[in-house]
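[1] sequence and predicted structure are below.
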Amino acid sequence: MGHCCCAICDNPVAVGGCIVVKVLVVDDNYDIVKMLRMTVESMGHEFYAEYAGRKGLHRIRDELFDLVFLDLSMPDYTGLEVIDALEKENLLRRQAVVLFTASHMDVNSLEKSMVGRGLYSILPKPADIDQIMDIIQTVDSGSG
C-alpha cells in the first residue's frame, strides 16, 4: 500500500498521508463495476477491474491486491471456483476477499462456512454503498 492525500480518508499513517488501498473488482455486471469504481476512486484508492472469473483469478495470481470484491455468479467461472482455486494455491488469505451475491441462499450460513476458509466477508446484492465504504476503510486502517 502506498500513500495518498485524499480528502476523505481520516487514517493518517505518515505525516500528511493516508494508506492507498489497491482494490480489484471481479464482476460481469458493468453497472456494479462502475459504482464501485466511483466509490473507490472518490476515497482516493486504486481501482482495477476484471469482468470474468478466469481473468480475475489470473489477475489475483499475478498481482497483490489489498481488497478483492468478487461476484458469486459469473458465466465463465464462478466466484466459488475462484475461491477454491485461490485456496488450493494458498493465495486466498493474501488479500481481503469480499464475495458479492444476488443469490437468495442464506447469506449468514454461507458467510460462516466461507469466512472459516479465509474469506473476508459476503455482501448481498444490491450492495449498500455505506457497507462497501466501511469495508474499504477497515482494510485501509489495517484492522481487516
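    Alright, I've got the coordinates.
[2] report the contact partners of E81.
    G53 (Cβ atoms under 8 Å, 6 or more residues apart in numbering). C-betas here are computed from N, CA, C, even on glycine.
[3] that one sits in which helix or strand?
    Using DSSP states H and E, E81 sits in helix 79-88.
[4] what are the buried residues along that helix?
    G79, L80, V82, I83, A85, L86 (16 or more other Cβ atoms under 10 Å).
[5] and these as a markdown table, adding distance to M38 and pLDDT?
    Listed next are the buried residues of helix 79-88 as a markdown table, based on distance: Cβ to Cβ, whole Å; pLDDT from 0 to 100:
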| residue | distance to M38 | pLDDT |
| --- | --- | --- |
| G79 | 22 | 91 |
| L80 | 27 | 89 |
| V82 | 24 | 95 |
| I83 | 26 | 93 |
| A85 | 29 | 96 |
| L86 | 27 | 94 |
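[6] and the next helix or strand past the helix holding E81?
    Past helix 79-88, the next helix or strand by DSSP H and E is strand 96-101.
[7] just checking: what are the partner strands of that following strand?
    strand 67-71 (parallel), strand 121-124 (parallel) (DSSP bridges).
[8] return the most buried member of those.
    strand 67-71 (a mean of 26; mean count of other Cβ atoms under 10 Å).
[9] what angle do helix 79-88 and that strand make with each other?
    140 degrees (axes from the mean of the first three to the mean of the last three Cα atoms, to 10 degrees).
[10] ok, M74 to F100 distance?
    As judged by Cβ to Cβ, to the nearest Å, M74 and F100 stand 10 Å apart.
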